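# Give me the fold of what follows.
(2 chains)
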Amino acid sequence: MKVSELVEKLDLKVYSGQKGLDREITGGYVSDLLSDVMGNAQEGQLWITLQVHQNVIAIASLKDMAAVILVNNLEPQENTISHSNDENVPVLGTSLPTFEIAGKLFQILNS
Amino acid sequence: MKLTFTIQGGDFTHAGHPSSEVKKILKQLAIDGKTIKNIVIALYEAEVNVVAHAWKGTVNVEIDENKITIWVIDEGPGIPDVELAMQPGFSTASSKVREMGFGAGMGLPNIKKNTDKLQIETEVGKGTKVKMVNYFS
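All right, here's what the predicted structure looks like:
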């Protein structure tokens, strides 16, 4: 599934990195510890987190992740937005808490 | 091929720049994906260690036909007990660094796991020199 399709299905907000919306999603990873994501996340996964600073983009880009979803209506910092546009890593947002958005994503990807 | 980058302590804005450049070059050299992933993880963690703990540092990269050698050398507080620092979960990071999601005590274990050879020389009050080698398969 493409990031853009998921945006529609889950009614996600697109903050930045629009050029990356046609990336293919292979799975998801939930973590707010950056070294955990660095060490364990896989290429093509969608990263669900509450971290909003630009190092999230550095990691998502280095790991070739599909996109980042910020939970609980959290908004990305300004330099997160510019970095995400440079690297074409979409930063998405949801009003849902982590557990709920992860559950929905899991259901969609496994149906 | 040789490359050099500088890192400023406390500058999280540019953390990941050397990793990103090295990743691009290794892709151009058609190194296999798994090896590139390992190198990128190890280098990024080493960079963040310098940003989070040291005053300033240098990354020296040497790419040969069959391997990549990376030295991350910093002027910083050094590591009093390397064996302890290698333990997953052990961290001396500040609360500010932890709030950002770093400092979970996973950096050095991640480096160890993703390199073929790892050598750490450190002197308390002076700095740390990390040498990492990855062989191309």
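
# The helix or strand that B:E83 is a member of packs against which elements?
B:E83 is located in helix B:82-85, with elements delineated by DSSP states H and E. Where contact means 3 or more C-beta pairs under 8 Å, 6 or more residues apart in numbering or on different chains; DSSP states H and E, helix B:82-85 is not packed against any helix or strand. The C-beta positions use only the backbone N, C-alpha and C, and glycine is treated the same way.

# Excluding sequence neighbours, find me the nearest residue to B:A15.
Once flanking residues are discounted, B:A15 sits nearest to B:V51: 4.9 Å by C-beta to C-beta, 6 or more residues apart in numbering or on different chains.

# would you say that neighbour is within a helix?
Yes: note on B:V51: a helix contains this position according to DSSP: H, G, I helix; E, B strand; the rest coil.

# what about it, how many residues close to it?
24 (other C-beta atoms under 10 Å in any protein chain shown).

# cool, A:P90 as well?
Residues contacting A:P90 under the criterion other C-beta under 10 Å number 29.

# Contacts only, for it.
Counting by C-beta atoms under 8 Å, 6 or more residues apart in numbering or on different chains, A:P90 touches A:V3, A:V14, A:S16, A:G17, A:Q18, A:G20, A:L21, A:R23, A:A66, A:A67, A:V68, A:S84.

# For my notes, confirm the last one occurs in a helix.
If I follow you right, that is A:S84. Yes: with three-state DSSP as the criterion, A:S84 is part of a helix.

# in the helix or strand hosting B:W71, what's buried?
With elements delineated by DSSP H and E, B:W71 resides in strand B:67-75, which encompasses its position. By neighbour count, and taking 16 or more other C-beta atoms under 10 Å in any protein chain shown as the criterion, the buried residues in strand B:67-75 are B:I68, B:I70, B:W71, B:V72, B:I73, B:D74.

# Repeat that for stretch A:24-41.
With burial defined by 16+ other C-beta under 10 Å, the residues of stretch A:24-41 counted as buried are A:25, A:27-39, A:41.

# so what does the longest helix along chain A touch, helix or strand wise?
If each helix of chain A is counted by residues according to DSSP state H, the longest one is helix A:98-109. Contacts defined by 3+ C-beta pairs under 8 Å, 6+ apart place helix A:98-109 against helix A:3-9, strand A:27-30, strand A:45-49.

# Quick check: which of these is nearest to chain B?
When those are compared for distance to chain B using C-beta to the nearest C-beta, the nearest one is strand A:45-49, at 7.8 Å.

# what's in contact with the helix or strand just after that closest one?
Sequence-wise, the next helix or strand beyond strand A:45-49 is helix A:55-62, with elements assigned using DSSP H and E. Helix A:55-62 is touched from outside by A:34, A:37-38, A:47, A:49, A:65, A:67-68, A:80, A:83-84, A:87, A:89, A:91, B:12, B:15-16, B:19-20, B:23, B:40, B:44, B:100-102, with contacts defined as C-beta under 8 Å, 6+ apart.

# residue contacts, the residue nearest the centre of chain B?
When C-alpha atoms, centre = their mean is applied to chain B, the residue found nearest the centroid is B:A46 (1.7 Å). The contact partners of B:A46, taken as C-beta under 8 Å, 6+ apart, are B:V59, B:I70, B:V72, B:G107, B:I111, B:V130, B:M132.
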